[in-house]
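Novice: heads up, no residue letters with this:
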């Protein structure tokens, strides 16, 4: 059967694209409208009701002079390490072990159970996760302290009351939360690799770690770039884990811009200042995203 001419196929695809217009208009109206209102309120002093008072750049000057805001920005940048970098490479390593070691020796069922166990934090609601972790780590009634007390300990450890301890524990929780996502992506990437390459390396006497470093990592370069891009952007916008697990405490030790804006907006009734912070933060995240995507495309071009 002869194919239709090119212009007819393009015209048919153009007709299909018309169905996306209603959804696109709704998206632009909701997101664009919210951004426009947020930008307008960033130049005003408003407590959530009444008439906003125009203050020009006063909210932005306050934002630049406030050390607490700079501290939250540093916390968001530091969150890239436990929320993006460590889960990416740890997930890649565990995926390689499941794919190339556990699955061939112990069977696909055991490997699938390991994957399901590690992916479990991704499907449990974060509100429930926060309740469970606070229940485990409470300094007075927590399950972990109760266990230590039952086994002879005469003290209660303030797990989530010291700033340094809370930051370390929260970083470990972030790694635990994000590991399942990265593992799933790398398992999918490994499934497309020709096993004959690994078998040839084994016949040549290559150890497992040598295969992982010289064969699997280069073949998973695309997946690593995608995972690093998505998780790094998510780490800058992180809100739910902070809100449900630490609430930004103690004394702002885990506060990030999104939670700071939330507290300013709802608890402090300082809508104008919160809008200014949200506007600048959204701009910085957009620039960071554009820079990462440009760097990724440049890496792909150099690889080609």
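Specialist: Perfect, thanks for sending it. Everything quoted here is computed from the prediction, not taken from an experiment.

Novice: so residue 73 sits in a helix?
Specialist: Yes - assigned with DSSP: H, G, I helix; E, B strand; the rest coil, residue 73 falls within a helix.

Novice: what about it, how many neighbours?
Specialist: 18 (other CB atoms under 10 Å). Where C-beta positions appear, they are placed from N, C-alpha and C, glycine not excepted.

Novice: contacting residues for it?
Specialist: 257, 281 (CB atoms under 8 Å, 6 or more residues apart in numbering).

Novice: how about residue 247, what does it touch?
Specialist: residue 259 are the contacts of residue 247 under CB under 8 Å, 6+ apart.

Novice: now do the helices in the stretch 201-304 of the chain.
Specialist: Secondary structure of the stretch 201-304 of the chain (DSSP state H, counting those that start in this stretch): helices located at 208-211, 217-219, 221-236, 240-241, 257-262, 271-303.

Novice: hang on, residue 101 packs against residue 207?
Specialist: No - between residue 101 and residue 207 there is no contact under CB atoms under 8 Å: 11.8 Å.

Novice: who's more crowded, these two?
Specialist: residue 101 (13 against 10).

Novice: distance of the closest residue to that one other than its chain neighbours from residue 193?
Specialist: In space, and not counting its chain neighbours, residue 101 is closest to residue 208: 6.6 Å by CB to CB, 6 or more residues apart in numbering. Distance of residue 208 to residue 193, computed by CB to CB, to the nearest Å: 15 Å.

Novice: contacts for stretch 121-135, please.
Specialist: Contacts with stretch 121-135, where a contact means CB under 8 Å, 6+ apart, come from 142-143, 160, 173, 176-177, 179-181, 184, 240-241, 243-245.

Novice: sorry, back to before: correct me, but the residue nearest to residue 101 touches residue 102?
Specialist: No - with contact defined as CB under 8 Å, residue 208 and residue 102 do not form a contacting pair (11.6 Å).

Novice: about what we covered before: highest neighbour count among the contacts of stretch 121-135?
Specialist: For the contacts of stretch 121-135, neighbours tallied by other CB under 10 Å; top is residue 245, 25 neighbours.

Novice: for that residue, give me its contacts.
Specialist: 129, 130, 133, 134, 170, 173.

Novice: okay, it: pLDDT?
Specialist: What the model reports for residue 245 is a pLDDT of 90.

Novice: residue 71 touches residue 255, doesn't it?
Specialist: Yes - using CB under 8 Å, residue 71 makes contact with residue 255 at a distance of 7.3 Å.

Novice: tell me which of those two has more neighbours.
Specialist: Remark: of residue 71 and residue 255, residue 255 carries more neighbours, 22 against 14, as counted by other CB under 10 Å.

Novice: how about the contacts of residue 245 in CSV, adding secondary structure and pLDDT?
Specialist: Compiled in CSV, these are given as follows (DSSP: H, G, I helix; E, B strand; the rest coil; pLDDT from 0 to 100):
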residue, secondary structure, pLDDT
129, helix, 89
130, helix, 89
133, helix, 90
134, helix, 87
170, helix, 93
173, helix, 93
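
Novice: closest to residue 92 among those residues?
Specialist: residue 173 (20.4 Å; CB to CB).

Novice: now the closest one: how far from residue 163?
Specialist: For residue 173, the distance to residue 163 (CB to CB) stands at 16 Å.

Novice: how near is residue 170 to residue 55?
Specialist: 35 Å.

Novice: tell me which helix or strand residue 37 sits in.
Specialist: Using DSSP states H and E, residue 37 maps to helix 33-41.

Novice: after that helix, next one along is what?
Specialist: Downstream of helix 33-41 (by DSSP H and E), the next one is strand 44-45.

Novice: after that next one comes which helix or strand?
Specialist: Trace forward from strand 44-45 with DSSP H and E and the next one is strand 53-54.

Novice: run through who's touching that following strand.
Specialist: For strand 53-54, contacts defined as CB under 8 Å, 6+ apart pick out 43, 44, 45, 46.

Novice: what residues does the residue positioned nearest the centre of the chain make contact with?
Specialist: Nearest residue to the geometric centre of the chain (CA atoms, centre = their mean): residue 234, 3.3 Å. Shown in contact with residue 234 (CB under 8 Å, 6+ apart): 83, 84.

Novice: from residue 290, how far out is it?
Specialist: According to CB to CB, residue 234 and residue 290 sit 16 Å apart.

Novice: kindly report the same for residue 239.
Specialist: For residue 239, the distance to residue 290 - CB to CB - is 21 Å.

Novice: for residue 131, same thing?
Specialist: Distance from residue 131 to residue 290, by CB to CB: 37 Å.

Novice: ok, the two, which is more surrounded?
Specialist: residue 131 (13 against 10).

Novice: is that one in a helix, a strand, or coil?
Specialist: Residue 131 - assigned by three-state DSSP - is helix.
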